[in-house]
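1. Predicted coordinates and the sequence they were generated for:
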Amino acid sequence: MKEYFYKLADLAVSKTKAGEFIYLNLSGEESDFIRLNHAKIRQNGHVSQYYLSITLIFGGKQAHHSLSLSKNFETDSMSVSNALNSLRDIIAQVEIDPYILYSTEVNSTETVLKNELPESENVVNEIITSAKGLDLVGIFAGGNIIAGFANSAGQKNWFEKPGFNFSWSVYHSTDKAVKSGYAGYKWDESRFNAKMEKVRTELEIMKRTPVTIKRGKYRVYLAPSALEDFFGVIGWGGFGIKSQKTKNSSLIKLVENEVTLNEAVTVTENTIEGSSPNFNSTGFIKPDVVKLIEKGKHAGSLVSPRSSKEYGEIQNGANGYEMPESLEMNGGNIVATDILKVLDTGIYLNNVHYLNYSDRASCKVTGMSRFAAFYVKNGEITAPINVMRFDESVFKMLGENFVDATSEREMLISTDTYGQRSTESSHLPGIIVKDFSFTL
């Protein structure tokens, strides 16, 4: 597919006129999707799709066109030619864009991860065997994801990374279930079986009579999947330079040094270890690592090319939304076997949901406990808890109330498949915090 894309790109560039500049982006996948219910295959299929976007720039103006590729060169080349003609008609009618910024220096790259994935059929058979006797529902998605870039200057970039994501729940009764997930680039049978064994253990606990905890402040363990949801909320504008410059960022008090976090907290955009391309849609190469929070203090921002031009900041390849795509938080000192011991007495949260800001300026987030949430007493899980609402400041969670993080971290790849499989990922530990507020 790489050579096919480059051939189309060369054709498009050859059709440009004097003063015109174009760049092209390719996104695509070859993915198997398998849906399971009652630990049996209910639906399976394969998706092969490739999309091309073309951006034409002329006279300080720009216009975009997207199309689906057939992989028939005669058909696709005609579509590209028609798209260029359409873009010329559009660009004649739009206004000058003062914040256009795109790569004109040639920085060609190629990233191709060796495909070490087993056949999806073998993986699913293993899942079914491991889930014997369980009421399991879930979706497995696996295969190759690609991205490509080319422009008038002759720059060409290619990204190809095969991976998988299996998200599943095991149901007990009424609203009681245990949720888990496993994602990565190489299927590890022993690691998956360990996750399934943990699910079985927690399912047995879910059979106990649930308790309703009183509203108040508790010592809480947030598993990586729960912490990911908090970062998902603050990642929407929190780390971006535009939201910070306009004072809309939920992290503005951290950015302006009004608050600091625990010095054990370091957060980065770690592209080199993530699952997203190392180039953005305008052709700029992303740094391997962008420091966002270092030892509890603001260390940097995500800067898109447009914001770079608007605010005079150095761009670092951030996407147009200036949201993290490969977020990473450093680990701590708690080994996995000691989580309950260090928590001692409090609440163990595997998952949360319905998160939203209750006070953006204070980075305060509200949400609900979900699935396997447990009450822990003296280092032992005693019972599941009924659904509770929490309302807590991330500044406090990662600041004055931060106790420690697990030394082991988990790679969490987004399960979003809207349009196509997402390449966003997080690499996060679990954390223990004190005085975490449950409100009702």
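-> On my side now, so go ahead.

2. Grab the CA positions of stretch 37-56 and hand them over as CSV.
-> The C-alpha trace of stretch 37-56 is given here as CSV (Å, rounded to 0.1, in the frame of the first residue of the first chain):
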residue,chain,number,x,y,z
ASN,A,37,-21.6,-12.9,23.7
HIS,A,38,-22.1,-15.6,26.3
ALA,A,39,-18.4,-16.4,25.5
LYS,A,40,-19.4,-17.4,22.0
ILE,A,41,-18.7,-15.8,18.6
ARG,A,42,-21.8,-13.9,17.6
GLN,A,43,-20.4,-11.8,14.7
ASN,A,44,-17.1,-11.7,12.9
GLY,A,45,-15.8,-9.7,9.9
HIS,A,46,-12.9,-8.1,8.2
VAL,A,47,-12.6,-4.4,7.4
SER,A,48,-10.3,-3.2,4.6
GLN,A,49,-10.5,0.6,4.2
TYR,A,50,-8.2,3.4,3.0
TYR,A,51,-9.0,7.1,3.0
LEU,A,52,-7.1,9.9,1.2
SER,A,53,-7.3,13.6,2.1
ILE,A,54,-5.9,16.3,-0.1
THR,A,55,-5.1,19.8,1.0
LEU,A,56,-4.5,22.5,-1.6
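
3. roughly how far out does it sit from the chain middle?
-> Centroid separation between stretch 37-56 and its chain, computed with CA atoms, centre = their mean, to the nearest Å, is 18 Å.

4. cool, and stretch 113-133?
-> Taking CA atoms, centre = their mean, the mean C-alpha location of stretch 113-133 is offset from the chain mean by 23 Å.

5. So Glu202 belongs to a helix, correct?
-> Yes: counting by DSSP: H, G, I helix; E, B strand; the rest coil, Glu202 is found in a helix.

6. gap between it and Leu349?
-> Applying CB to CB, to the nearest Å, the value for Glu202 to Leu349 is 12 Å. Yep, even glycine has a C-beta here, placed from its N, CA and C like the rest.

7. can you check Gln420 too?
-> Distance, Gln420 to Leu349, by CB to CB: 31 Å.

8. out of Glu202 and Leu349, which sits in the more crowded spot?
-> A count of neighbours by other CB atoms under 10 Å puts Leu349 above the other of Glu202 and Leu349, at 26 against 22.

9. Setting aside sequence neighbours, what's the nearest residue to the more buried one?
-> Ala226 (4.8 Å; CB to CB, 6 or more residues apart in numbering).

10. these two touch, right, that neighbour and Asn350?
-> Yes: using CB atoms under 8 Å, Ala226 is in contact with Asn350, at 6.5 Å.

11. so where is the protein shaky, pLDDT-wise?
-> The chain contains no residues with pLDDT under 70.

12. how does it divide up, domain by domain?
-> The record's domain split for the chain, according to automatic domain parsing, is 2-206, 216-438.

13. Let me know which of those is tucked in deepest.
-> Neighbour counts (mean count of other CB atoms under 10 Å) averaged over each of the domains of the chain peak at domain 216-438, with a mean of 19.

14. For the stretch 251-400 of the chain, which segments count as strands?
-> 267-270, 289-294, 297-298, 326-329, 346-359, 364-377, 380-384, 389-393 (DSSP state E, counting those that start in this stretch).

15. wait, which of those is closest to Ser103?
-> Judged by CB to CB, the one of the strands of the stretch 251-400 of the chain that comes nearest to Ser103 is strand 289-294, at 17.5 Å.

16. State whether the residue nearest to Leu349 is indeed within a strand.
-> No: using three-state DSSP, the assignment for Ala226 is helix, not a strand.

17. can you pull out the helices in the protein?
-> 2-14, 73-91, 120-130, 189-206, 224-234, 241-245, 252-255, 305-311, 339-343, 394-397 (DSSP state H).

18. elements contacting the fifth one?
-> Helix 224-234 makes packing contacts with strand 326-329, strand 346-359, strand 364-377, helix 394-397, strand 402-413, strand 425-438 when contacts are defined by 3 or more CB pairs under 8 Å, 6 or more residues apart in numbering; DSSP states H and E.

19. how about a cut-off of 7 Å?
-> strand 346-359, strand 402-413, strand 425-438 (3 or more CB pairs under 7 Å, 6 or more residues apart in numbering; DSSP states H and E).
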